[in-house]
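**Student:** A structural model of the following input is requested.
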Amino acid sequence: MYSIVFITVSNEEEGRKIANKLLEERLAACVNIIKDVKSYFWWKGKIDNAEECLLIIKTITNKINELIKKVKEIHSYQVPEIIWINLSGGSEDYLNWLSEELR
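**Tutor:** Numbers count the residues shown, from 1 in each chain. Below you'll find the model as predicted:
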């Protein structure tokens, strides 16, 4: 099974740091960094907002727990957004590549 993980980070530098660590440790096969994400959210009882970057991480589902643990070790946020979606399909060639990279 394959998953896409979404993580917001404070800036591009933090995104690159997390992306590189996940790739080096083979917890992700690919990480996209999307800059200039404007986030609005509840924090400590009031509405807050921040300019962030969004990481889109492609991985295999059995690596999710280890990926979350690693992100929490290095993420600057007290409560980082780490959510994932299990994929129901995709390009067979891409999914085969993803599996090969994360063996």
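
**Student:** residue boundaries of the helices in the protein?
**Tutor:** Chain-ordered helices for the chain, with DSSP state H as the definition, fall at 12-24, 64-74, 92-101.

**Student:** any chance you could list what contacts the shortest one?
**Tutor:** Looking back up the chat, that one is helix 92-101. 2, 26, 29-30, 58-60, 87 (CB atoms under 8 Å, 6 or more residues apart in numbering). Every C-beta, even on glycine, is put in place using the N, C-alpha and C of the backbone.

**Student:** recalculate using a threshold of 7 Å.
**Tutor:** With CB atoms under 7 Å, 6 or more residues apart in numbering as the test, helix 92-101 has contacts from 2, 29, 58, 60.

**Student:** how about CSV for these, with neighbour count, distance to residue 69 and pLDDT added?
**Tutor:** Supplementary listing: the contacts of helix 92-101 in CSV, determined by neighbours: other CB atoms under 10 Å; distance: CB to CB, whole Å; pLDDT from 0 to 100:
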residue, neighbour count, distance to residue 69, pLDDT
2, 19, 20, 97
29, 21, 18, 98
58, 21, 18, 98
60, 21, 16, 96
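
**Student:** only alpha carbons, please: show stretch 15-29 as CSV.
**Tutor:** In CSV, the C-alpha atoms belonging to stretch 15-29 read as follows (Å, rounded to 0.1, in the frame of the first residue of the first chain):
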residue,chain,number,x,y,z
GLY,A,15,11.2,21.8,4.5
ARG,A,16,14.5,21.0,2.8
LYS,A,17,16.0,19.7,6.1
ILE,A,18,13.0,17.4,6.7
ALA,A,19,12.9,16.3,3.0
ASN,A,20,16.6,15.4,3.0
LYS,A,21,16.4,13.5,6.2
LEU,A,22,13.4,11.5,5.1
LEU,A,23,15.1,10.7,1.7
GLU,A,24,18.4,9.8,3.3
GLU,A,25,16.7,7.4,5.7
ARG,A,26,14.6,5.9,2.9
LEU,A,27,11.4,6.9,4.6
ALA,A,28,10.3,8.7,1.5
ALA,A,29,10.8,8.2,-2.2
